[in-house]
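[1] Sequence and predicted structure, then a few things I'm wondering about:
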Amino acid sequence: VTEIGGFAFSGCSSIKELTIPIGVTQILDSTFKDCSSLSKIAIPSTIKTIGKSTFEGCKSLLKIELPKDITSIDKYAFQGCSLITEIDIPSSIEIIEESLFKGCSKLSKITIPNSIKTIQNFAFNECSSLKEISIPTSVTFIGESTFSGCSSLSQFELSKSLTFIGESAFSFCTTLKQIT
C-alpha cells in the first residue's frame with residue numbers, strides 16, 4: 001500500500017489507535033475525518049502528503065508527530081482536533097494552509113520553522129489555549145482571521161518581512177497585550 005484513498009475510514013467512530021504502514025506516501029482527502037475516538041496515530045517517515053480534511057473532527061486525537069520530510073499538508077487537515085496540545089511543523093513545509101488547526105482549542109504550543117512563507121486564512125482560528133507565537137522572518141503573509149478567537153494569546157512577535165496581515169487576523173484575541 002502506497003496510498004490511502006479519500007474517505008477510506010471516514011466516520012469510523014470506534015477506531016482508537018492507528019498505525020499507518022511504512023511505504024505509504026499519501027493519505028488522501030478526508031481519509032480519517034470524524035474518527036471521533038481516534039486518540040493515537042503513528043505516521044511513518046514515508047508520508048509526503050496529507051490531504052484535505054484528513055483528520056478533521058478527530059476530537060480524541062492527543063498528539064500528532066509529522067514526518068520531517070513531509071512536503072504537503074492540505075487545508076482543514078487537523079481542524080477540530082480539540083485535544084492536540086502542541087505541534088512541530090517540519091521545515092519541509094512552506095505554507096500553513098487554510099483552517100489547518102482551526103478549532104484546536106487545547107493547542108498551546110506551536111513551532112513554526114523558518115521555511116514557512118505563508119500562513120493562510122483561519123489557520124489557527126479558535127485555538128483558544130494558544131498563549132504566544134513567534135512568526136519567523138520568512139513569513140510574508142498572514143491571512144484573514146488567522147488568529148481570530150485565540151483568546152489566550154497574550155503576546156505576538158511579528159516577522160520583520162511581513163508584508164500583509166489579513167482582515168480580522170487578530171480579532172477577539174481578548175488577552176493580547178504585546179505585539180513586537
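    Thanks, I have it.
[2] Verify the stated contact: Pro90 with Glu65.
    No: using C-beta atoms under 8 Å, Pro90 is not in contact with Glu65; the gap is 9.7 Å. From N, CA and C alone the C-beta is placed, and that goes for glycine too.
[3] The two - which one has more neighbours?
    Taking Pro90 and Glu65 together and counting by other C-beta atoms under 10 Å, Pro90 has the greater number of neighbours (16 against 11).
[4] any idea how far that one lies from Lys68?
    5 Å (C-beta to C-beta, to the nearest Å).
[5] cool, Gly103 as well?
    26 Å.
[6] More neighbours: which of these two?
    Gly103 (22 against 10).
[7] doesn't Phe124 make contact with the more buried one?
    No: the criterion here is C-beta under 8 Å, and Gly103 misses it with Phe124 at 9.7 Å.
[8] Tell me who's in contact with the residue sitting furthest away from the middle of the chain.
    For the chain, the largest distance from the centre (C-alpha atoms, centre = their mean) belongs to Val1, which lies 25.4 Å off. By C-beta atoms under 8 Å, 6 or more residues apart in numbering, the contact set of Val1 is Pro21, Gly23, Val24.
[9] Which element, helix or strand, includes the first one?
    Element membership for Pro21, per DSSP states H and E: none, as it lies in no helix or strand.
[10] Now it. Nearest residue, chain neighbours left out?
    Val1 (5.9 Å; C-beta to C-beta, 6 or more residues apart in numbering).
[11] just Thr163 next, same as before
    Thr140 (4.9 Å).
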